[in-house]
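Asker: give me a model of this one.
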Amino acid sequence: MQSDKERWNKRYQEKPFRDYVEPIVEKYIDKANVGYALDIACGQGRNTHFLADKGFEVDAVDLSDYALSKVRDDAKIHKIEADLDEYNLEKNKYDLIINMNYLNRRFYHQIKEALHPDGLLIFETFIIAHGDFDNPQNPEYLLRKNELLHAFIGLDIIYYEERDDINLRGEKTRVASLVAKKRAC
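Answerer: Below is the predicted model:
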């Protein structure tokens, strides 16, 4: 049986992934205080590079050593190869956390605790969709309606939306997007 790491390495090598910054990250980056950032499941670093270019020091975490090899070597980028099912976030460390196209529900509480007061969260991933959609099939990796909103209700919600989208392969998907800030004490 193929390990998760082997499966993701193969997927990064064989299937196209976006090479541009997620529009939601680009749109809301100015709401974050420049400092320390975390890119959860960073892949090949498209968002990581953007954050570093904006002046952030970035922890770029991913399971795939192949994907991390595509993240540029930069003093502002700390590549962390880790199984996200076992990785834990450091409390009160980040001014910005981004989580794109990845879902691990055990991180909900950890993300809230990992943000500095006044820290920003930008989170976007797939949601359960019925009909002609090409989202991942395993419900473990799909949000339920309004789940993301409810998971981060203790934060100040700046933006929330559930919408239809098109992935790189031209397939119709459904995503939920959230931008929220941790209240300053």
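
Asker: Asp164 reaches Ala176, doesn't it?
Answerer: No: Asp164 is beyond contact range of Ala176, at 11.4 Å (criterion: C-beta atoms under 8 Å). C-beta: built from backbone N, CA, C; applies to glycine.

Asker: where does Val21 sit: helix, strand or coil?
Answerer: coil (DSSP: H, G, I helix; E, B strand; the rest coil).

Asker: okay, now it: neighbour count?
Answerer: Neighbour count for Val21, taken as other C-beta atoms under 10 Å: 18.

Asker: show me the contacts for it.
Answerer: Going by C-beta atoms under 8 Å, 6 or more residues apart in numbering, Val21 touches Arg46, Asn47, Phe50.

Asker: that one: what's its closest spatial neighbour, skipping adjacent residues?
Answerer: Phe50 (4.4 Å; C-beta to C-beta, 6 or more residues apart in numbering).

Asker: neighbour-wise, which of Asp164 and Ala176 wins?
Answerer: Ala176 (23 against 11).

Asker: which strands or helices does whichever strand or helix holds the more buried one pack on?
Answerer: Counting by DSSP states H and E, the element that carries Ala176 is strand 172-181. Counting contacts by 3 or more C-beta pairs under 8 Å, 6 or more residues apart in numbering; DSSP states H and E, strand 172-181 packs against helix 23-28, strand 115-126, helix 147-151, strand 156-166.

Asker: tell me which of these sits most buried.
Answerer: strand 115-126 (a mean of 22; mean count of other C-beta atoms under 10 Å).

Asker: between strand 172-181 and that strand, find me the angle.
Answerer: 170 degrees (axes from the mean of the first three to the mean of the last three C-alpha atoms, to 10 degrees).

Asker: send me strand 115-126 as CSV with only the CA atoms.
Answerer: C-alpha atoms of strand 115-126 as CSV (Å, rounded to 0.1, in the frame of the first residue of the first chain):
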residue,chain,number,x,y,z
LEU,A,115,-2.6,33.3,16.1
HIS,A,116,-1.3,36.3,17.9
PRO,A,117,-3.9,38.7,19.1
ASP,A,118,-4.9,40.7,16.0
GLY,A,119,-3.6,37.8,13.8
LEU,A,120,-5.3,37.0,10.5
LEU,A,121,-6.6,33.7,9.2
ILE,A,122,-7.3,33.1,5.5
PHE,A,123,-8.9,29.7,5.0
GLU,A,124,-10.4,28.2,1.8
THR,A,125,-11.2,24.6,1.0
PHE,A,126,-13.7,22.3,-0.6
